[in-house]
Structures are given as structure tokens and as C-alpha cells.
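# Need a 3D model of the following:
(one chain, ligands or ions: 1)
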Amino acid sequence: MTSEEIHLQFHGLTDVGKLRDHNEDTFVVKPEAGLVVVCDGMGGHAGGEVASGIAVDTITEFICNQKEGDWPFGRDDGHSEAGDRLRNAALLANQRISERIEKEPALARMGTTMVSALVVPDGTSWVANVGDSRAYLWHDGILRQVTSDHSWVNEQVQRGVLSNSEAASHPLKNVITRALGARDVPPVDLVKERLRPGDCLLLCSDGLTGMVSDADIGAILGDYGLTVEEICKRLVAAANQAGGEDNITVVVLRARAA
Ligand code: CA
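Below is the predicted model of the structure:
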């Protein structure tokens, strides 16, 4: 199996963008745990950054310090253990945000999206998401979105009511149908992927994908002359050059041959 051994490079970057006066996105990169998370918060009275911060802190704490047999939301036999760790972490984040809202009713409207990945050393990766923050995989010259947006416009695309380009410019494109902190416990989507040498996994908030086309994102991820730090800077710069209408967060995880 030595041919499959990979070395993983991690980097993340967030930027307020050109129009907003504060940043409600939060991310974490924990190479030692193989964990990356991006959360895009929403809600008045500074609630957005409170919600995204609680989510990132809760998920990081759970993944890095989980005790054996500690499954606050039980084991789902349909998932591998690593995937179920991400699902439990996300549901715990949802619970913590709800508890904070109960204590502080001024934050009642807060919530957050969440996209996270847990990668083991052979490149096997689990990706979890709630809301419209995305994960993409760059493999063999092709960029593929591995998450499905939990948004009103994406539901219309799935039903054949809207085209992808109509969805991208639709006035309701920011309406999400699942969030952490919502009154109902949100289902957490889980996808398993395998990272091979040369692959890039990108996690991002909609401040990137709302401003930069998949083709332009792919061109940056596919530039093997760039370091992961440079890739993150180029992605953020591209979103700002296109108008920077929202907070922009990108996390890049690149697999190299060991
Ligand atoms: Ca956003």
C-alpha cells in the first residue's frame, strides 16, 4: 500500500470582503486531527459570529477530545465510525447553539451553516454538511462539488423548476433550508471520498462560490506551482475582485505523494 501513502498539506483563510463591516464566518484547520471546518453564521445582534464560533469550537473540541464510547447522539450503523464522529460533533454544535439562544433571547435568530471534513492518513475522507457552505474535490483536472446545498434554490434545481444559472442569480439564493441552531434538529449529510496524490479538497463559504465560477476555482486549485497558502490567497483575491459582496472563507487540503 506504499503507493497510496500521501502527505497532506492544510491551509485556511478568511476575509471580510468588500461590502460587509464584520466577518460572520469561522473556520478551523487541525492537521494533527485531520480536521477542517468552515461555518458561515447568520442572525442579527452579532449572532452570526456567535453561532459560527460555537459551532467550530464545539466540533473541534469533540473531534479532538472524544472519549471512547462517547456518542451523545448515538451510533448510526449506516456510517463508519469516523463519519459518525462528524455527525455527532455537528449535532452537538446544534445543541450548544440552541442552548445559547435559550439563555440569550436577543440571539434567537442566529444559526450557522457547517461544512467539515475528517481525513485519515491514507486519504480516506468524510465530509459533513448542513446549509450552503460547500466542499469541492479537485481530481484529475476536474472540479466536482461533493456536498449538496441545503438551499431553497437548490431544491428548485433538483425539481427542475430552476436552472443552475437561474439559481445562481435568483433573489432568494441566500435562503437556506437547513442550519445548525434551527428549531428542528437538522439532518447532517455525510459523503465519503478518497484523496489521492495531486487531489485538492476545498471547503468554502458562499462568499467564494457566489462570486467566483467553478471554472475559475478549478483553474486556481489545479495550478500545481502554487503552495496551499497561495491557493487560499488567490481564491480570496478572486472573490474580492468580483465584488467581495460577502465574507469569504476557504480551507484547502492538498494531497501529495508521501
Ligand atoms: Ca455567507
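# what about the closest residue to residue 16 other than its chain neighbours, distance to residue 184?
Nearest residue to residue 16, sequence neighbours excluded (CB to CB, 6 or more residues apart in numbering): residue 23, at 4.4 Å. Any C-beta I mention is one placed from the backbone N, CA and C, and that applies to glycine too. For residue 23, the distance to residue 184 equals 28 Å [CB to CB, to the nearest Å].
# The two: who's more crowded?
Neighbour count, other CB atoms under 10 Å: between residue 23 and residue 184, residue 23 has more, with 20 against 8.
# who touches that one in this structure?
Shown in contact with residue 23 (CB atoms under 8 Å, 6 or more residues apart in numbering): 14-17, 49, 247.
# how about residue 66, what does it touch?
residue 85.
# helices and strands around the lengthiest helix in the chain, which ones?
Of all the segments of type helix in the chain, defined by DSSP state H, the longest one is helix 81-103. Other elements packing on helix 81-103 under the criterion 3 or more CB pairs under 8 Å, 6 or more residues apart in numbering; DSSP states H and E are helix 47-65, strand 114-119, strand 124-130, strand 189-194.
# Now do that helix: everything it contacts.
50-51, 54-55, 58-59, 62-63, 66, 71-73, 75-76, 79, 107-108, 110-112, 114, 116-118, 120, 124, 126, 128, 130, 180-182, 185-186, 188, 190, 192.
# hmm, which of these are the buried ones?
Among the contacts of helix 81-103, those classed as buried by 16 or more other CB atoms under 10 Å are 50-51, 54-55, 58-59, 62-63, 73, 79, 107, 110-112, 114, 116-118, 124, 126, 128, 130, 180-182, 186, 188, 190.
# Just confirm yes or no for whatever helix or strand residue 235 lives in near the ion.
Here residue 235, judged by DSSP states H and E, is contained in helix 228-241. No. If you take CB under 5 Å from the ion as the test, helix 228-241 misses the ion, and the best it gets is 10.9 Å.
# May I see the buried residues of that helix?
By neighbour count with 16+ other CB under 10 Å, helix 228-241 contains the buried residues 228, 231-236, 238-240.
# Stretch 29-48 too?
Within stretch 29-48, the residues scored as buried using 16+ other CB under 10 Å are 29, 34-43, 47-48.
# and the ion, which of these reach it?
Filtering those for proximity to the ion by CB under 5 Å from the ion leaves residue 40.
# Would you mind checking which of the buried residues of stretch 29-48 is nearest to the ion?
Comparing those against the ion with CB to the ion places residue 40 closest, at 4.3 Å.
# State the distance from that closest one to residue 105.
To residue 105, residue 40 is 23 Å away according to CB to CB.
# And for residue 72?
25 Å.
# Likewise for residue 243?
Residue 243 is 35 Å from residue 105, by CB to CB.
# Check residue 248 too.
Residue 248 is 31 Å from residue 105, by CB to CB.
# Residue 171: how many residues sit nearby?
Residue 171 has 7 nearby residues by other CB under 10 Å.
# phi, psi of it?
According to degrees, to the nearest 10, the main-chain angles of residue 171 amount to phi -60, psi -20.
# let's number from 32 now, not from 1
Done: numbering now begins at 32, and the last item shifts to residue 202.
# quick one: pLDDT of it?
What the model reports as pLDDT for residue 202 is 93.
# mind listing the helices for the stretch 182-289 of the chain?
183-189, 195-199, 237-240, 245-252, 259-272 (DSSP state H, counting those that start in this stretch).
# Give the full set of residues in contact with the nearest residue to residue 154 once chain neighbours are set aside.
Excluding its sequence neighbours, the residue lying closest to residue 154 (CB to CB, 6+ apart) is residue 226, at 3.8 Å. By CB under 8 Å, 6+ apart, residue 226 lies in contact with 37, 39, 150, 154-156, 168, 232, 284, 286.
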